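Engineer: Fold the following.
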Amino acid sequence: MSYKVTVIIPTYNSVDFLDSTISSIKNQSIGFENIELIIIDDYSTDATQELINKYCEEYDNIKTFESGQKTGTPGRARNIGIKNSTADYIMFIDHDDKYFPDTVEKLYNASINNSNDVTIGKFQTFGENRIISEDWIDKDVVLNSIDENLLFFSINNIWRMIFPKEFLLKNEITFPEGVFAEDLTFMIDAFINSNKIVFINDIVYNFRLRTGDNSSTSLSKGMHYLNGLIDGYKHTVKVLEKNNACKYYDTIFNQHLSVWLSDVALSETISIEEKHELINKSIPMFKQLKTIKPFPENNAIKSIILQLVSDNVDEAFTQMGDYQLFTNRIFNLENELKGKNQQIAHLQTTKGWIKYKIKNIKQRLKGEI
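Structural biologist: Residues are numbered from 1 along each chain as shown. Coordinates of the predicted model:
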């Protein structure tokens, strides 16, 4: 059987979401018979693999492969998916997200009609809030080189894109394994090597925003994740070196290192000693920055970076502590304000107003007012 597109899903303990994700792929307008679905599980502790096996028994175009070792990151699973794919085009989806009914068809048609190396669409979130990506793009965009618009370096969500398999193999574009920010490394490699990048002004991906993922603080980001990001960033540096593209270092890492530093400063799940370990590990990367423009926009983070590159580590930590206290105070005040606004909204309803008046009258009768 010949397929038009291979869709790859890395999974781990996804039994609660995987049915919904697979259903969104089965219902594609391009026809499910034109899709090869490869699902690689990272040795889940729930019934995820049993669910995958059930789908593989029912559908010839759904396949699974052993990853050989548990990694805790999706890079190895995606590489196995690419290696075992048989279609000419490759897409990715995370195990708890969804495609729109015409996602695959839109991206596939845009790719074959323009002979693109990379084709990208917008995504929206679902769950707690609805956010739509790339509000700075309001039309289809064609780039013959990443140099035509360096803002595209800020787009590194590989799950709303499609790639010709031949392009990936020719340029040896793979995911680093056992680290985080693996999708950043993959995308930078693809962008640098691409002769044509097309952005379609359509929403093609539903990204699940789970509780805690959109917090204004970084309470859930622990040592394993933050350390894995720095290791992942080092792989991206290797990609820049491999492609003689170190001129893009500032453009890429101004943003990513600034966000990472903020996450370290705000994290309440790691100790001071662990923060010192992370910062010391990251200092060489900060020192490679030639400029800190346009990121970070936050002056506090900018000041911390300047202290780090000047080897004033103690002062940097003092400022990180102040930044954490200040940010958490703002977060608490915003929650208090939200609560007050909800109270006001309730009082403005008829039921709330009557309840308030009855309580007020009772207090007056008791002489409390």
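Engineer: Parallel or antiparallel, which strands does the longest strand along the chain pair with?
Structural biologist: In the chain, assigned by DSSP state E, the strand with the most residues is strand 197-209. According to DSSP bridges, strand 197-209 has the following sheet partners: strand 98-99 (antiparallel), strand 118-127 (parallel), strand 141-143 (antiparallel).
Engineer: right, and residue 115 touches residue 196 too?
Structural biologist: Yes. Between residue 115 and residue 196 there is a contact under C-beta atoms under 8 Å: 6.6 Å. C-beta coordinates here come from the backbone N, C-alpha and C atoms, glycine included.
Engineer: which stretch among the strands paired with strand 197-209 comes nearest residue 164?
Structural biologist: Nearest to residue 164, of all those, is strand 118-127, at 9.1 Å by C-beta to C-beta.
Engineer: centre of the chain versus the closest one, how much separation?
Structural biologist: With C-alpha atoms, centre = their mean, to the nearest Å as the basis, strand 118-127 stands 11 Å off its chain's centre.
Engineer: circling back to that earlier point, which residue of residue 115 and residue 196 possesses the greater neighbour count?
Structural biologist: Counted by other C-beta atoms under 10 Å, residue 115 and residue 196 do not tie: residue 196 has more neighbours, with 15 against 10.
Engineer: Buried ones in stretch 15-29, by neighbour count?
Structural biologist: Within stretch 15-29, the residues that count as buried by 16 or more other C-beta atoms under 10 Å are 15, 17-18, 21-22, 24-25, 28.
Engineer: Filter these down to the ones in helices?
Structural biologist: Secondary structure assignment (DSSP state H) places 18, 21-22, 24-25 from those within helices.
Engineer: Among those residues, which one sits closest to residue 45?
Structural biologist: Distance to residue 45 across these (C-beta to C-beta) is lowest for residue 18, with 14.5 Å.
Engineer: can you pull the contacts of the closest one?
Structural biologist: Shown in contact with residue 18 (C-beta atoms under 8 Å, 6 or more residues apart in numbering): 9, 11, 39, 48, 51-52, 95-96.
Engineer: farthest pair in those?
Structural biologist: Across these (C-beta to C-beta), the longest gap, 14.5 Å, separates 52 and 96.
Engineer: who has more neighbours, those two?
Structural biologist: Comparing residue 52 with residue 96 by other C-beta under 10 Å, the one with more neighbours is residue 52, at 23 against 17.
Engineer: wait, isn't that one in contact with residue 63?
Structural biologist: No. With contact defined as C-beta under 8 Å, residue 52 does not reach residue 63; the gap is 9.4 Å.
Engineer: Now the common contact residues for the two.
Structural biologist: Common neighbours of residue 52 and residue 63, using C-beta under 8 Å, 6+ apart, are residue 39.
Engineer: now the helices for this structure?
Structural biologist: Here the chain has its helices, by DSSP H, at 18-26, 48-58, 75-84, 103-114, 165-170, 182-193, 223-242, 249-266, 272-287, 299-309, 313-347, 350-365.
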